[in-house]
Structures are given as C-alpha cells and as structure tokens.
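> structure of the sequence below:
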Amino acid sequence: MSDYKLPENFLWGAAIAANQAEGAYNEGGRGLSNIDMMPHGVHRMEVKLGGTPHPTLQAGEYYPSHTGVDFYHHYKEDIALMAELGLKVFRTSISWSRLYPHGDERTPNPEGVAFYRNVFQECRKYGIEPLVTLCHFDIPMGLVEQYGSWRSRKTLECFARYAETCFKEYSGLVHYWLTFNEINILLHSPFSGAGIAFQEGENRSQVIYQAAHHVLLASATATRLAHQYDPANQVGCMLAGGSFYPYSCNPEDVWESVQKEQENLLFIDVQVRGRYPGYARKLFAESESRIAALKVQKRELLEAINAGKTALHTVNEVLETLDNAEGWSTWDVMGGGLGVDLAKYAELDDAQEQIEQLQVELRRFKTELADVEITADLQVTVDSFLKFADFFFDGLFADWAVLDHINQAQSRVENTKGQIKRVLALLKKMREDVDVQIADEKEKQEQLAVETEL
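The predicted structure follows:
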C-alpha cells in the first residue's frame, strides 16, 4: 500500500459554536438568545421543540449556554492549544445577540464587534484560518418576543443588517463563511433551531415552512452581501443530513422514506437551484400549509440571490458574470457562487419565452384534460407526458451545480443552447401527439354517441 499525504493546503481543524462554548451570556453588552432559554433537565425538550409559548428564565434551572466552557475569557489559551495541535482551520460562530443585543438595533454593540475581531486576529497570529457561521441556531430573544422570530420578514431585515456588519468588520480576517448551521433543523427542533415557539391554535406546519422561507431568503441575501464586500469570500451552508431508511420493503414505507428525504433536501435544492423544486408543492399541500412563499417564490428568491447566487436558477437567472468567475469552487455551490449571466445570449432569450409559453400551454392542457374522458392506454401516454414536463421544468439546469471550473461553464453555455432547443422541440412534439390522440378519442366518442342515438 502506498503512503498518502494530504495536500499542504488541506484545512484540518476543530469546531465550536458560540452558544455552546463562549459562556458570558450577559457580559460585554450581549443580549439573551433563544439558546439561553433552554434549561438542562426535564423541561428542556418542551422548550426545545417550541412547546413553551413564552420561554423565560426560571430560578432553580441550570442553563448550559450561560457558562459554556468560558471561551469568552480563555480564547487566547484555547487558540494557542489549537496551534500546538497543528490545526489549520477553526470553525466557530458569531453570537448574533453579542453584536445586536435585541436584534433590531440600527448599530452594533462595539464590545461584541471587538471581541470577535480579537478572536480572528488571534487565529491569524498562529496561521489558523477562521471558518465562521453567522447563525448557529441562535437568534436574539428580542426578535423572538417582538416579531415571532423567523415568522416575520422583519427578522430577515435584521439578519441582513447583522450579516453586513460581519462582512464589513471582518473583511480580510475571514474568508470562509457559513450562513446557517443545519439550516433545516427548524423542522425537527423549532425553538432551539430557529426561535420558533408555537402559540395556541397555530398551524405548526405553516409556521415552520413560512419561517423556512424567510431563512432561505436570509441565506441568499447574506451570500450576496458576502461577495459584495469581498469577492474572495467563499460561502457555504450546513445541512442536518441524516438519512431515512424504509422500515420494510412495503411500498408505503419506501415512499415515506423518500418524502422524509425530500423534507431535508428541499433546503439544499432551493439554494442550488434558486427556486422551490416540484416536490415542494406536494409537500406543502399534503401538510395543509398555504404559504404565501409559493406565490412569490420566483421573484423573491431570484431577486435575493441575483447578485450573489446560490448556484442556479432559471434560464436568464443562472449566475452573474463570466468576467469575475475565476476561482469559484464547490463551496460556492452550497451557499452562494458566481457565474454566467445567460441573458447575454440572445438565443436563450427566445428559449426563455418559449419555456414560459410552454408552461402556460401545459396549465391549459391540464385544465382541458379534466373535461375529457380518455382510454386507459391514452392515460398512460398523458401521464408520461406530464411527468416528463414536470421533470424538465424542475431540473433542466441542475447538472450545472457540479461545475467547478470556468472553462467548463463556458463550454456548458454553448451545449445548453442546443439542449434547450432539443428539449423544447421534444416537449412540443409530445404535446402535439397527445392533442392528436385526444382529438381522435373525442371524434370516436362523438361518433359512438351519434350511432347510439340512431
């Protein structure tokens, strides 16, 4: 067996989170966060899962985040120990409520800003690269109490201000960023993951997915800001990536495992494609959620992502510019990249219009089908057509997400022009074939009705 040596620039390191390690929960001007409200012991799960409508600190309870491991007072010693171990990267997070104690202030807390600058400078002293998460579950309790946490778009505005402060203040010190840790965790742990405390009578599913929509917008907005302040910034996002396995080979168990996987993958699909995948509509409908996000998703997500991009979107919205695209990597694929503005290519302008027209025709076609009786054989053809059309609109450009070299991107632009035209032609041909078959079937039914009357 040959020896394998890691490359010199491999980032081997360790990780903590501010809410788990810092302690000093009420020092240096810091405000309370949702994590500070979570006690150890029998009441923890109730608070964690959002079952306590208005969490407050209770006498006699122990709150682990209040002390952590006292990194706040011992960060210099801890970083020196990391250097002694030979670590090259240190993943940590910034406590949002240490910079903005209530969350909605117009200016940050100077002591909080200075603390993290000192931490990152200490890392640099030892040649350790900081990898920084903007939101590792915690959100200021002021935003939880005043706006209902991520239920409100106001929280999105406050997060954008906080993120911009971080990119501005730590420009040159931090080049690797994560927008959210385990961005999908609010599905499983609403309060500890996103500050969501349910109120009596609320539709929990609707609350969660509306909050998730705002979180996804916040991630896209932060990505855009990161590249504005420093084009060299690389931005990612963490997913709680557990896998679901069917209990048995029973198709119902298998299908349930697929649906559970989709609940998690939704958060990555949106960031990679810049829009909700087709299965999201079914997921929302089955959970009886009626979310405004679905009505405005294309406009909001594409506007938020447009300059910073979270990888790919529709034909005209796929990435920003070829001129500044050198050096982008798979980091940018996960949280926010840069790339190619396909609107430059006149051929694709026409293709975009054709796609939109085809979507209108598809909706009309589905409406017509509701008033037509067709044979079982023809139904198979119709179903195949509709499934193919859904697949096309859901993922034509998904393969672009794996690109990591600009020359490949340039080549793929040319290839995609032809691909779009071929797929459009195929879809139109399928539509025409089905129309012919439906017309034939109608004619047969009408003839049969005439013969019956005679």
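> may I ask which helix or strand of the protein has the lowest mean pLDDT?
One helix or strand of the chain scores below all others by mean pLDDT, DSSP states H and E: helix 330-335, with a mean of 27.
> separation between Arg275 and Met238?
Computed as C-beta to C-beta, to the nearest Å, the Arg275 to Met238 distance reads 21 Å. (Glycine included, C-beta is placed from N, CA and C.)
> where in the stretch 201-350 of the chain is pLDDT low?
Along the stretch 201-350 of the chain, the model assigns pLDDT under 70 to residues 285-350.
> hey, where'd the helices end up in it?
Remark: helices assigned in the stretch 201-350 of the chain by DSSP state H, counting those that start in this stretch are 204-229, 251-273, 278-286, 293-305, 330-335, 346-369.
> ok, now the stretch 1-150 of the chain?
Secondary structure of the stretch 1-150 of the chain by DSSP H, counting those that start in this stretch: the helices cover 18-21, 44-48, 71-85, 96-99, 110-125, 141-147.
> ok, which of those helices comes nearest Arg161?
Of all the helices of the stretch 1-150 of the chain, it is helix 96-99 that lies closest to Arg161, at 9.7 Å by C-beta to C-beta.
> same for that closest one, what does it pack against?
In terms of contacts (3 or more C-beta pairs under 8 Å, 6 or more residues apart in numbering; DSSP states H and E), helix 96-99 is packed against helix 110-125, helix 153-169.
> the longest one to helix 204-229, inter-axis angle?
Yep, that's helix 153-169 we're talking about. 30 degrees (axes from the mean of the first three to the mean of the last three C-alpha atoms, to 10 degrees).
> buried residues, helix 153-169. List them.
Applying a neighbour-count criterion of 16 or more other C-beta atoms under 10 Å, one finds 155-156, 158-167, 169 buried in helix 153-169.
> just the first one next, same as before
Under the neighbour-count criterion of 16+ other C-beta under 10 Å, helix 110-125 has Gly112, Val113, Phe115, Tyr116, Val119, Phe120, Glu122, Cys123 buried.
> count of neighbours near the nearest residue to Tyr116 once chain neighbours are set aside?
Leaving aside its chain neighbours, Tyr116 sits nearest to Ile94 (5.6 Å; criterion: C-beta to C-beta, 6 or more residues apart in numbering). Using other C-beta atoms under 10 Å, Ile94 has 29 neighbouring residues.
> show me what contacts Ile94?
Contacts for Ile94 (C-beta atoms under 8 Å, 6 or more residues apart in numbering) come out as Ala18, Tyr116, Val132, Thr133, Leu134, Cys166.
> which one of the residues you listed sits closest to Lys442?
Nearest to Lys442 among those, counting by C-beta to C-beta, is Leu134 at 58.5 Å.
> didn't the closest one look like it was pressed against Ala163?
Yes. With contacts counted by C-beta atoms under 8 Å, Leu134 reaches Ala163, the gap being 5.6 Å.
> between these two, what contacts are shared?
Jointly contacting Leu134 and Ala163 under the rule C-beta under 8 Å, 6+ apart are Thr179, Ala222.
> would you mark the buried spots in stretch 47-54?
By 16+ other C-beta under 10 Å, the buried positions in stretch 47-54 come out as Val47, Lys48, Leu49, Gly50, Thr52.
> oh, that last question was meant for stretch 219-233, not what I typed.
Using 16+ other C-beta under 10 Å as the test for burial, stretch 219-233 gives Ser219, Ala220, Thr221, Ala222, Thr223, Arg224, Leu225, Ala226, His227, Tyr229, Asp230, Asn233.
> swap in stretch 187-203?
For stretch 187-203, a neighbour-count test (16+ other C-beta under 10 Å) marks 187-198, 202 as buried.
> try stretch 268-286
Residues of stretch 268-286 classed as buried: 268-277, 279-280, 283-284 (neighbour count, 16+ other C-beta under 10 Å).
> quickly name whichever of the residues you listed is closest to Glu446.
Here the nearest of the buried residues of stretch 268-286 to Glu446, counting by C-beta to C-beta, is Tyr279; it sits at 38.6 Å.
> confirm that Trp177 sits in a strand.
Yes. Counting by DSSP: H, G, I helix; E, B strand; the rest coil, Trp177 is part of a strand.
> with adjacent residues omitted, what lies nearest to it?
Per C-beta to C-beta, 6+ apart, closest to Trp177 is Val235, 4.9 Å.
> for the one you found, give its distance to Gln271.
Distance, Val235 to Gln271, by C-beta to C-beta: 10 Å.
> quick one, what contacts Glu256?
By C-beta under 8 Å, 6+ apart, the residues touching Glu256 are Phe244, Pro246.
> list the contacts of Ile16.
Here Ile16 is in contact with Val69, Phe71, Arg91, Thr92, Ser93 (criterion: C-beta under 8 Å, 6+ apart).
> can you tell me which of those residues is closest to Leu173?
Nearest to Leu173 among the contacts of Ile16, counting by C-beta to C-beta, is Thr92 at 12.4 Å.
> that closest one: what's it in contact with?
Counting by C-beta under 8 Å, 6+ apart, Thr92 touches Ala15, Ile16, Ala17, Ala18, Ala21, Val119, Pro130, Leu131, Val132, Thr133.
> just the buried subset of those, please.
The neighbour-count test (16+ other C-beta under 10 Å) applied to those identifies Ile16, Ala17, Ala18, Ala21, Val119, Pro130, Leu131, Val132, Thr133 as buried.
> export these to CSV and append columns for distance to Glu8 and pLDDT.
Formatted as CSV, these follow (distance: C-beta to C-beta, whole Å; pLDDT from 0 to 100):
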residue, distance to Glu8, pLDDT
Ile16, 25, 97
Ala17, 28, 98
Ala18, 30, 98
Ala21, 29, 98
Val119, 25, 98
Pro130, 19, 98
Leu131, 18, 98
Val132, 23, 98
Thr133, 26, 98
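> can you put the residues you listed in a markdown table and add distance to Pro7?
What follows is the buried ones among the contacts of Thr92, written out as a markdown table (distance: C-beta to C-beta, whole Å):
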| residue | distance to Pro7 |
| --- | --- |
| Ile16 | 25 |
| Ala17 | 28 |
| Ala18 | 30 |
| Ala21 | 29 |
| Val119 | 27 |
| Pro130 | 20 |
| Leu131 | 17 |
| Val132 | 23 |
| Thr133 | 25 |
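> dump stretch 247-254 to CSV, keeping only the CA atoms.
Only the C-alpha atoms of stretch 247-254 are listed here, as CSV (Å, rounded to 0.1, in the frame of the first residue of the first chain):
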residue,chain,number,x,y,z
TYR,A,247,-38.9,0.2,7.7
SER,A,248,-39.6,-2.6,5.3
CYS,A,249,-39.9,-3.2,1.5
ASN,A,250,-43.6,-2.3,1.7
PRO,A,251,-44.1,0.5,-0.9
GLU,A,252,-45.8,2.7,1.7
ASP,A,253,-42.7,2.5,3.9
VAL,A,254,-40.4,3.1,0.9
